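A.B. asks: Need coordinates for the below:
(2 chains)
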Amino acid sequence: MATTNTEGSLVESARGTLTGVISPTTEREREYRRIFALVLPFAVLAVFGAIVPLVKLVQISVSVSKYHTSGFTLQFYRSLLSAGFGYYVFNTLWFGVVTTLASVAIGIALAHALEKYDLPFKGVLVTLVSFPISLPGIVAAFMMIILFGNTGFVTNAISWLTTTAPIISGLIADHSSTDVGFATSVLGLFFGYCYSMIPRATLLLRGSYAELNTDAEEAARTLGATSFETFRYVTLPQLRPGIVGAIILTFRTAMALFGTVLVLKSLNVLTLRISRLINVSFDIQTAAAMSIVFFAFTIVFTFIGLRYTAAEVGA
Amino acid sequence: MSATSRLRTGPIGRAAVYGTFVLTLVFLIGPILATFVSTFASSWTGVLPTGFVTLSHWERALGMTNTVGSSRGIGAGLQYSVLLALGGVLINLVVGIPIAYAIVRYDFPGRNLLSTFAVLPLVSGLILGIAFLRTYPKLSGTGISLIIGYSLLKAPFMVIAVKSSFEAMDLRQLEESARSLGASWPRAFLTVIVPNAAEGIVAGAIICWTLAAAEFNFSYIVYSRGAKPFSLFLFSNISNNGILQAAAAVSIYFLIVAAITLLLRTTGTNGFTYARS
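C.D. replies: Numbering: from 1, shown residues only, chains lettered A, B, ... in the order given. Here you go, the predicted model:
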């Protein structure tokens, strides 16, 4: 005789699992207890270090008062619907897309050279390529100032060349180096972003290259394909999940970059705007609202990207 | 398609890839070398720096001369950041090793989701910083909030490094051999499995430490008083000082990272790579 008391049986099974974890009797339950214990430190850090602060951030974004978190108002979210916020979002998105595509394209070339060609000192080259990952965004920005700033190396070189080569100097309206130096322009920011993103993209793609089926490529070559045809018809389809994964991860990096744009200040992206709201006017509610939107977008983008594209993120 | 036209694409493609590689490498590493070399010059107004050799920039950056404001040397900030980063790494070890093991060894519902959470940095340092400002106001600006932030932000790097080590080991066999010889599970984990993954753990610790020591986004928002973290020292130099003085400050960091990279090579890791090969 079956009694259909679904609520009761749900509580029963939950209690059963809990007792199973705390005082296990089967090997399976012991295993669950181990898994629980192993994951616990991470869970604690995630809860106190991330989840609690994020909940607080949501509270701030709906708070009425600036200096105490109290009340409930959606005015700050509504203020985001104005054209101003859309401007920052648009800047962040198009700039992120452009830098991501450029960085991943170059990353493919670099990964190809590192994995497929027989380069000398390969370990050293990998180390050199990955060096910028350890540099914070502000240092990457400084590198761009060194190269392209008003007294930058490339700037001065162009200046020097143009003043001594009359034919070329006619192509540039003014000879002064302040017109040639573009570190603090959007182009300089583009290079600054790529400086941080190319090494990351390259390393991700290296992982994909390592998993290629070289037999298929060899078969293609023996059957008479040129190296370009082999790359296009055999290698590239195998690489595609890895490339999509690299695009997703590199785009996330691009959107979250802050130090680089704080130093170069050339484009009003979202992270710069949020920091200005905090540091200049302490408009913490609007900043919190923007941060929550930004965070939600990142999470949704990551999960949809990883789930619905053929992306593979192997580490 | 004639045979000659088909043959030509190969060398062109190869040259293009090589060219891109060399150009990118120069773009990435060139400024680093230029910065370092220029710190020994007294001025840089033309294409190349002039006035070698002078150590005045280094003296100011290292705090060996009396200066004020942004020109002030690194002082206690470096030790402070070293200790903070160490704290962050310790937390990362306690947090990262177990979860990497759980993900690799066991199969349980929600494993893939957990793996994604552990491996991808889901919160940006900037947003976490703003959240921390209000959540833990009493901790604001103290080392503890910085340590917690660093460990959360850099945990994925530890998990990735340790995970790759675990994946290369036969975990089941190791665990079972140890247990069949009488070890309890905790003992098998701590004395057999973890030491076998030492290379990955050490590499992960070194990478996490370096990234935490130079963490900027989070520190910028959360810092309010006390000794300045190293990244903020770099920032004030880059924003306020002349190019050669800033170059000296930044070169301090280059030397640290170069030393760390050499140290990493002893664990078989080539630079700040994700996978270890």
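
A.B. asks: neighbours of residue 228, just the number please.
C.D. replies: Assuming you mean chain A. By other CB atoms under 10 Å in any protein chain shown, the residues close to A:Phe228 number 15. Where you see a C-beta, it was placed from the backbone N, CA and C, and this is true even at glycine.

A.B. asks: I was thinking of chain B, sorry if that wasn't clear
C.D. replies: Counted by other CB under 10 Å, the residues lying close to B:Lys228 total 21.

A.B. asks: Next SSE downstream of the helix or strand A:Thr202 falls within?
C.D. replies: A:Thr202 is part of helix A:186-210, with elements assigned from DSSP states H and E. Moving toward the C-terminus from helix A:186-210, the next helix or strand (DSSP H and E) is helix A:214-222.

A.B. asks: For that following helix, what does the pLDDT average out to?
C.D. replies: Averaged across helix A:214-222, the pLDDT comes to 90.

A.B. asks: send the alpha carbons of that helix over as CSV?
C.D. replies: Only the C-alpha atoms of helix A:214-222 are listed here, as CSV (Å, rounded to 0.1, in the frame of the first residue of the first chain):
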residue,chain,number,x,y,z
THR,A,214,48.4,14.8,-36.6
ASP,A,215,47.6,11.6,-38.5
ALA,A,216,44.8,13.3,-40.4
GLU,A,217,47.2,16.1,-41.3
GLU,A,218,49.8,13.7,-42.5
ALA,A,219,47.3,11.9,-44.6
ALA,A,220,46.2,15.1,-46.2
ARG,A,221,49.8,16.0,-47.1
THR,A,222,50.4,12.6,-48.6
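
A.B. asks: How far away from the center of its chain is it?
C.D. replies: Remark: helix A:214-222 is offset 34 Å from the chain centroid, using CA atoms, centre = their mean, to the nearest Å.

A.B. asks: Same question for stretch B:171-179.
C.D. replies: Put simply, stretch B:171-179 sits 33 Å off its chain's centre (CA atoms, centre = their mean).

A.B. asks: Outside of that stretch itself, list whatever touches it.
C.D. replies: With CB atoms under 8 Å, 6 or more residues apart in numbering or on different chains as the test, stretch B:171-179 has contacts from B:101, B:104-105, B:185, B:187-189, B:191-193, B:196.

A.B. asks: Can you sort out which of the residues you listed also neighbour chain A?
C.D. replies: Near chain A, taking CB under 8 Å from any CB of the partner chain as the test, the members of the contacts of stretch B:171-179 found are B:101, B:185.

A.B. asks: So for the helix holding A:Thr202, what gets flagged as buried?
C.D. replies: Neighbour counts over helix A:186-210 (16 or more other CB atoms under 10 Å in any protein chain shown) mark A:188-209 as buried.

A.B. asks: swap in stretch A:98-106?
C.D. replies: Residues of stretch A:98-106 classed as buried: A:99-100, A:102-104, A:106 (neighbour count, 16+ other CB under 10 Å).

A.B. asks: Briefly note if that stretch comes near chain B.
C.D. replies: Yes. Stretch A:98-106 is in contact with chain B by CB under 8 Å from any CB, via A:Ile106.

A.B. asks: Report the rounded mean pLDDT for that stretch.
C.D. replies: 96.

A.B. asks: and what of stretch A:204-211?
C.D. replies: 88.

A.B. asks: mind saving the C-alpha coords of it as PDB?
C.D. replies: Taking C-alpha atoms only, stretch A:204-211 is exported to PDB below (Å, rounded to 0.1, in the frame of the first residue of the first chain):
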ATOM      1  CA  LEU A 204      44.900  28.800 -24.600                       C
ATOM      2  CA  LEU A 205      45.300  27.900 -28.300                       C
ATOM      3  CA  ARG A 206      48.500  26.100 -27.600                       C
ATOM      4  CA  GLY A 207      46.400  23.700 -25.500                       C
ATOM      5  CA  SER A 208      44.200  23.100 -28.500                       C
ATOM      6  CA  TYR A 209      47.100  22.600 -30.900                       C
ATOM      7  CA  ALA A 210      48.500  20.000 -28.500                       C
ATOM      8  CA  GLU A 211      45.400  17.900 -29.000                       C
END
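
A.B. asks: Can you confirm whether that stretch lies near chain B?
C.D. replies: Yes. On the criterion CB under 8 Å from any CB, stretch A:204-211 is in touch with chain B at A:204, A:206-207, A:210.

A.B. asks: do the same with stretch A:275-285
C.D. replies: Yes. Stretch A:275-285 comes into contact with chain B (CB under 8 Å from any CB), by way of A:275, A:278, A:284.

A.B. asks: Restricted to helices, list those residues.
C.D. replies: If you go by DSSP state H, the residues of stretch A:275-285 next to chain B have A:275, A:284 in helices.

A.B. asks: In JSON lines: the residues of stretch A:275-285 next to chain B, plus pLDDT.
C.D. replies: Converted to JSON lines, the residues of stretch A:275-285 next to chain B look like this (pLDDT from 0 to 100):
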{"residue": "A:Ser275", "pLDDT": "88"}
{"residue": "A:Ile278", "pLDDT": "85"}
{"residue": "A:Ile284", "pLDDT": "84"}
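
A.B. asks: Surely A:Leu128 and B:Thr24 touch.
C.D. replies: No. Applying CB atoms under 8 Å, one finds A:Leu128 not in contact with B:Thr24, separated by 10.3 Å.
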